[in-house]
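In: Here's my sequence, what's the structure:
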Amino acid sequence: MTTELYLTDSYQMTCPSEIIFISPDRKTVALNQTIIYPGGGGQPRDIASLWIDDAEYPIEDITRDQDYSYLYHLAEALPENVQEVTIKIDAAYRLKNMRYHTLLHLTSGYFYKHYGALATSNQIEEDHARLEIKFPEETVPEKLEKEFLQAELEKLIQADYPVTIEHTTREKLTENHDLVRTYVNLVPEFITDIRLVKIADVDVQTCAGTHVTSTKEVGQISVEQLKNKGRLKKRIKVTLI
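Out: Residues are numbered from 1 along each chain as shown. So this is what the prediction gives:
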């Protein structure tokens, strides 16, 4: 199994790793440890390469594997008799996604706290991120302007709340629905140790993604769209400036 270092340190951009499996064509490998976020939960996978001395081997795709956690599919075959590599990820791309991901958590936390609304889906794109929120019948806002929402989110960002990681069990998560701001059934049943990302008293969600360590690191934002998606749903589109 591969040790996922990104779960404990989102800022680690390079690390050594040992090859624990390699395909006959030497273009697919498994590693003993990784800093590469594989994608999921609305966050894209990292842009990453394996390095051997000064030679770069870009990773074209990542697939999940029952025996090795992840298989990394390379653009070029590795040379013979290689046992160790260095992983390097695109730091600017990682940091941008960390900021977006934390912003999405702040946004969903705001809607839960003020309306009891839950996030139903989210996605980080190249130049924006979107979030869909579902409101309870009794709390659907009659009117909500994007300028007002942006001002509210900016207050949360500037408050410089810490972003921390906690762990809980699936049993506790099921028993206490207030522990999480997303639908519990979105967490795969085989996962029993639940990783929670917590932003002070603003938000707490199950999440395996990467985040900044304080809300102020999100930086300047713009709420580009606040759109009705049916009577109980809204879609929010945000960008980093």
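
In: Start and end of stretch 209-223, how far apart?
Out: End-to-end distance of stretch 209-223 (CA to CA, to the nearest Å): 22 Å.

In: tell me the contacts of the residue nearest to residue 161 when sequence neighbours are not counted?
Out: What sits nearest to residue 161 in space, not counting adjacent residues and going by CB to CB, 6 or more residues apart in numbering, is residue 200, at 4.0 Å. The way it works is simple: take the backbone N, C-alpha and C, and place the C-beta from them, glycine included. Counting by CB atoms under 8 Å, 6 or more residues apart in numbering, residue 200 makes contact with 159, 161-162.

In: Most neighbours among the residues you listed, which one is it?
Out: residue 161 (20 neighbours; other CB atoms under 10 Å).

In: show me what contacts that residue?
Out: Per CB under 8 Å, 6+ apart, neighbours of residue 161: 199-200, 202, 214-215.

In: now, which of the residues you listed lie within strands?
Out: residue 199 (DSSP state E).

In: Which phi and psi values does the most centrally placed residue in the chain adopt?
Out: By CA atoms, centre = their mean, the chain has its centre lying nearest to residue 209, at 2.9 Å. Dihedral pair for residue 209: phi -90, psi -180, per degrees, to the nearest 10.

In: and the residue nearest to it when sequence neighbours are not counted, how many neighbours does it have?
Out: Among residues not flanking residue 209 along the chain, residue 43 sits closest, at 4.5 Å (CB to CB, 6+ apart). Residue 43 has 23 neighbours, counted by other CB under 10 Å.

In: so how far is residue 71 from the residue nearest to residue 31 when sequence neighbours are not counted?
Out: For residue 31, ignoring the flanking residues on the chain, the nearest one in space by CB to CB, 6+ apart is residue 17 at 4.3 Å. Here residue 17 is placed at a distance of 14 Å from residue 71 (CB to CB, to the nearest Å).

In: and what of residue 81?
Out: The value you get for residue 81 to residue 71, if CB to CB is used, is 20 Å.

In: Between residue 17 and residue 71, which is the more surrounded one?
Out: Comparing residue 17 with residue 71 by other CB under 10 Å, the one with more neighbours is residue 17, at 22 against 18.

In: which residues sit against stretch 229-241?
Out: By CB under 8 Å, 6+ apart, stretch 229-241 touches 96, 99-100, 103-104, 107, 120, 127-137, 140, 144, 149, 153, 218-228.

In: Run a quick check on residue 121 versus residue 133, I expect a contact.
Out: No - if you go by CB atoms under 8 Å, residue 121 and residue 133 don't touch, sitting 9.4 Å apart.

In: Looking at those two, which has the bigger crowd around it?
Out: residue 133 (23 against 15).

In: So that one, which state does it fall into?
Out: For residue 133, the assignment made with DSSP: H, G, I helix; E, B strand; the rest coil gives strand.

In: which strand residues sit across from it in the sheet?
Out: With DSSP bridges applied, residue 133 shows beta-bridge pairing to residue 119, residue 234.

In: Residue 221 now?
Out: With DSSP bridges as the rule, residue 221 is bridged to residue 240.

In: same question, residue 124
Out: According to DSSP bridges, beta-bridge pairing links residue 124 with residue 129.
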